[in-house]
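[1] Following is a predicted model, sequence given first.
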Amino acid sequence: MKNSETKLRVRYSETDQMGIVYYGNYAQYLEQGRTDWLRSLGLTYKFMEEHQVMLPVINLNIDYKKPAKYDDLLTIKTSLLEIPSVKIKFYYEIYNQYDELLVTATTSLVFLDSITRKLIKAPGYLLDKLR
């Protein structure tokens with residue numbers, strides 16, 4: 001399955017008084033990993049939305065191993081768990097610049113028609129890119 005890596009630096013505004021990344025910010029890091037994974041296939045959320053496809057998150061699980069800190073250079077490794085149907089599932093690992101595993105996570109999203117707001121199957125253009 002297709003994997004991608006995203007690098008980003010922890011900004012001061014993402015940390016608490018101790019210089020530790022606030023736990024809620026990891027969801028944004030995972031989203032960046034997902035959007036970069038999609039972009040690595042030659043697709044974007046914008047393209048999908050222009051074709052009436054939305055991808056809301058329906059499940060998020062995070063295991064915190066070690067804290068990320070202000071100015072750390074993070075690597076978000078994003079991989080697809082299985083070929084999508086009406087649902088698409090991702091697995092993530094986040095590492096710091098010392099190659100220490102900080103977080104593992106999974107997300108599940110569903111494909112929705114943006115007009116009817118009903119579940120739809122994964123678009124053919126996405127499945128073609130995964131073959």
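    Arrived safely.
[2] I'd like to know how far L8 sits from D128.
    Distance from L8 to D128, counting by CB to CB, to the nearest Å: 29 Å. Every C-beta, even on glycine, is put in place using the N, C-alpha and C of the backbone.
[3] show me what contacts the residue most central in space within the chain?
    What sits nearest the mean C-alpha location of the chain, by CA atoms, centre = their mean, is R34, with 3.0 Å. With contacts defined as CB atoms under 8 Å, 6 or more residues apart in numbering, R34 is in contact with 78, 90, 107, 109.
[4] same deal with N61?
    Contacts of N61 by CB under 8 Å, 6+ apart are 105-107.
[5] How much space separates it from V86?
    N61 is 19 Å from V86, by CB to CB.
[6] What is the distance between stretch 11-27 and the centre of its chain?
    Remark: stretch 11-27 is offset 18 Å from the chain centroid, using CA atoms, centre = their mean, to the nearest Å.
[7] which residues sit against that stretch?
    10, 60, 62, 64, 67-70, 72, 94, 103, 105.
[8] can you map out the helices along the protein?
    26-40, 45-50, 124-130 (DSSP state H).
[9] Tell me which of the ones you listed lies nearest to N3.
    Between N3 and those, the tightest spacing by CB to CB is seen for helix 26-40, at 7.7 Å.
[10] Buried residues in that closest one, which are they?
    Neighbour-count burial for helix 26-40, counted by 16 or more other CB atoms under 10 Å, picks out 26, 29-30, 33-38.
[11] ok, now stretch 118-131?
    Applying 16+ other CB under 10 Å to stretch 118-131 flags 122-123, 126 as buried.
[12] Mind putting those into a markdown table with distance to D99 and pLDDT?
    Output for these, formatted as a markdown table (distance: CB to CB, whole Å; pLDDT from 0 to 100):
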| residue | distance to D99 | pLDDT |
| --- | --- | --- |
| A122 | 33 | 97 |
| P123 | 36 | 97 |
| L126 | 31 | 95 |
